[in-house]
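got a predicted structure here, sequence first:
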Amino acid sequence: MFEATELNHRNQRTEKLWRLLFLMMTLLLILPVAVILTVLVVKGGPSLSIDFLFTEPTQGMTAGGILPALVGTVWLVVVALIASVPIGVAAALYLSEYAPDNWLTRIINLAIINLAGVPSIVHALFGVGAFVAFFRFGTSILAASLTLAVMTLPVVIVSTREALKAVPQAFREACWNMGATRWQTIRKVVLPNSVSGILTGVILEVSRTAGETAPIMFTGAAFFLPFLPQSVYDQTMALSLHLFVVSTQVPDVPEGLPFGVALVLIGLVLSMNAVSIGFRMVLRGKKKW
Amino acid sequence: MVTPTRDRQPKVQVRDLSIHYGGKAALAGATFEIHEHEIFGIIGPAGSGKTSFLRAMNRMDLFNPAMEVGGEISMDGKDVRKWKNVYALRRRIGVVFPLPVGLPMSIYENVALAPRLGGTRKRADLDVIVERCLTRAALWDEVKDRLDSLGSLLSGGQQQRLTIARALSQEPELLLLDEFSIAVDPVTTMKIEDVLKELRQELTIVLVTNLVQQARRLADRTAFFLTGELVEVAPTEDLFTGGASDERTTAYVEGRFG
């Protein structure tokens, strides 16, 4: 008859202990998310209304809605995407499908890693120097969006490369062996099977862009501007900066207002993440190999 | 079944071919010829350099920076490494490797891809090519009612036959087969072997195989490779009837090692 030894029992107890410890650490991770969401909904929920979303701020930003900031954020994100996605995807395609392993490629990879590590305030100053002053875009949506684009390029490149890497090398070689060029292979095999992954990465990047404050502060976002932007050369309000302003720069703001702004901002980000997760589920749903 | 091939012009000439992977030799100093319209068998145990030769022939050294090729492989008298347009070269050479690859597109598109890339646009022309190639690869009857389903979701054996159909779809002058029957059942293998015998009228076939008997059934001449060395090339029947000039060849074909 088999009997568990004392050592077996001890191992089992230790096993349970470690498992519990790791679980606790994982739960700690959820805690801040839960607290933030709860506080935002409880304190900011009451100030939400259709009017809040679709009217302009009034009485020195202590009342009224957030329409210009909401619209401004959408402008900033869309223009940033138009700039960063084609460049980022093209660069990722080059690095993943064409680049030989040589010193140039290694320098480019190093540059991407370093670009990802640059603090956002430094990007902001770069944006002021490059886009506002040198290219004479002035403080405008264009300058702010390009600054955001530069900042998010590494994210687009890295996520696109991951999506491309998920396409098995055997598919490429089979195609090349038929006499297909690299581009024909990309068009016929690589892109059709990685486009959902690329989109997922792009959407995640969008949600990041929407929340950035420092890079747009000096390059195009306005403190208070109760008009909707008419072109990319206009300045605009933005949700992230507006949140900062009503929380710290304006006296006598009712307590619920900043929480309302924060709730809208986080709602925007989370709904974009949800779309991204949806994409991934569709992708997983129809596995092709 | 041995057809006289000696008087034909060589399709492929290999001179002093050596292949290294990052300094490690895979093939050293092989010199031989492959005649037009013959099935040229290559036998030998794993690691003998058989596959490396096929990779060099199709310029697959370009996919792998660690692979170095020395010497010369000429097709129709022209060194494959002097072809400026490597894509045109690869279009003339069909390859099938042991691991089946069904591309993640419809069965029809798998076979129509190479013709499309080659400029065939008309649906009717493509239909003809797809049916002919799938039939030759002994797959048509199994998939003719579901040409729109994904090629990558077929069974392993079916994917292998799809790979063969794809290699034929580019209408190659030279067909390189590397262990094509490894994932295919014996009955289907025999069907494909019959097709290969017919195809000899149209093109030249290089058949790399671990199955000595398969080489005997199909190949007009056979080369025996051993650990990166070309031991000998001879009419297949000679190798199997005691006519091998090297003792190691006789030992291998009789199954005493390998």
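Structure's in. What do you need?

enumerate every residue touching B:L218.
Residues counted as contacts of B:L218 (Cβ atoms under 8 Å, 6 or more residues apart in numbering or on different chains) are B:39, B:41, B:193, B:196-197, B:207. Quick note: C-beta positions are derived from backbone N, CA and C, even for glycine.

got a PyMOL select line for the buried ones in the residues you listed?
Applying 16 or more other Cβ atoms under 10 Å in any protein chain shown to those, the buried members can be selected in PyMOL as follows:
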select buried, chain B and resi 39+41+193+196+207
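
I'd like the contacts of B:L218 written out as JSON lines, with secondary structure, pLDDT and distance to A:A149 added.
Output for the contacts of B:L218, formatted as JSON lines (DSSP: H, G, I helix; E, B strand; the rest coil; pLDDT from 0 to 100; distance: Cβ to Cβ, whole Å):
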{"residue": "B:I39", "secondary structure": "strand", "pLDDT": "96", "distance to A:A149": "58"}
{"residue": "B:G41", "secondary structure": "strand", "pLDDT": "97", "distance to A:A149": "59"}
{"residue": "B:E193", "secondary structure": "helix", "pLDDT": "94", "distance to A:A149": "59"}
{"residue": "B:L196", "secondary structure": "helix", "pLDDT": "94", "distance to A:A149": "56"}
{"residue": "B:K197", "secondary structure": "helix", "pLDDT": "94", "distance to A:A149": "61"}
{"residue": "B:L207", "secondary structure": "strand", "pLDDT": "97", "distance to A:A149": "55"}
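
can you pull the residues of the stretch 51-200 of chain B lying near chain A?
Residues of the stretch 51-200 of chain B lying close to chain A by Cβ under 8 Å from any Cβ of the partner chain are B:58, B:60, B:63, B:65, B:87-92, B:95, B:99, B:101-105, B:113-114, B:117-118, B:150, B:152-153, B:163, B:166-167, B:169-170.

that older thread, so which of the contacts of B:L218 comes closest to chain A?
B:L207 (17.0 Å; Cβ to the nearest Cβ).

for the closest one, list each beta-bridge partner.
B:G41, B:L177 (DSSP bridges).

which of the residues of the stretch 51-200 of chain B next to chain A are buried?
B:58, B:60, B:87, B:89-92, B:95, B:101-105, B:113-114, B:117, B:150, B:152, B:163, B:166-167, B:169-170.

what's the helix or strand for the residue in chain B that chain A sits nearest to?
Of the residues in chain B, the one nearest chain A is B:R91, at a distance of 3.4 Å by Cβ to the nearest Cβ. Assigned by DSSP states H and E, B:R91 belongs to helix B:86-92.

and chain A, which residues reach chain B?
Checking chain A against chain B by Cβ under 8 Å from any Cβ, the hits are A:100-101, A:170-171, A:173-181, A:184, A:188-189, A:192-193, A:288-289.

taking the residues you listed, please make a PyMOL selection of just the buried ones.
Only the buried entries of the residues of chain A next to chain B go into this PyMOL selection, using 16+ other Cβ under 10 Å:
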select buried, chain A and resi 171+173+174+175+176+177+178+179+180+184+188+189+193+289
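
remind me which residues of chain B are low pLDDT?
Under the criterion pLDDT under 70, the flagged ranges of chain B are B:1-8, B:258.

mind listing the helices for it?
Secondary structure of chain B (DSSP state H): helices located at B:50-57, B:86-92, B:107-117, B:123-136, B:140-143, B:156-169, B:186-199, B:212-218, B:236-240, B:247-253.

and stretch B:240-249, which residues are buried?
Result for stretch B:240-249 [16+ other Cβ under 10 Å]: buried residues B:240, B:244, B:248-249.

contact partners of it?
With Cβ under 8 Å, 6+ apart, stretch B:240-249 has contacts from B:216, B:224, B:226, B:231-232, B:234-235, B:237-239, B:250, B:253.

with just CA atoms, put the helix holding B:R91 into PDB.
What follows is helix B:86-92, C-alpha atoms only, in PDB (Å, rounded to 0.1, in the frame of the first residue of the first chain):
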ATOM      1  CA  VAL B  86      16.500  35.000 -59.600                       C
ATOM      2  CA  TYR B  87      12.700  35.000 -59.700                       C
ATOM      3  CA  ALA B  88      12.700  33.900 -63.300                       C
ATOM      4  CA  LEU B  89      15.100  31.100 -62.400                       C
ATOM      5  CA  ARG B  90      12.800  29.900 -59.600                       C
ATOM      6  CA  ARG B  91       9.800  30.000 -61.900                       C
ATOM      7  CA  ARG B  92      11.500  27.400 -64.100                       C
END
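
any idea how far that helix is from the chain center?
Its chain's average C-alpha position is 15 Å from that of helix B:86-92, according to Cα atoms, centre = their mean, to the nearest Å.

contacts for that helix, please.
In contact with helix B:86-92 (Cβ under 8 Å, 6+ apart) are residues A:176-181, B:58-59, B:62, B:75, B:80, B:83, B:114, B:118, B:170, B:172-174.

show me the contacts for the closest residue to chain B within chain A.
Closest to chain B within chain A is A:G179: 3.4 Å, counting by Cβ to the nearest Cβ. Residues near A:G179 by Cβ under 8 Å, 6+ apart: B:87-92, B:114, B:117-118, B:170.

how about the contacts made by the closest residue to B:L17 other than its chain neighbours?
Using Cβ to Cβ, 6 or more residues apart in numbering or on different chains and skipping residues adjacent in sequence, the residue nearest B:L17 is B:G71, 4.0 Å away. Contacts for B:G71 were tallied using Cβ under 8 Å, 6+ apart; they are B:14-18, B:29-30.

repeat that with 10 Å
B:14-19, B:27-31, B:56, B:79, B:81 (Cβ atoms under 10 Å, 6 or more residues apart in numbering or on different chains).

gap between it and B:L176?
18 Å (Cβ to Cβ, to the nearest Å).
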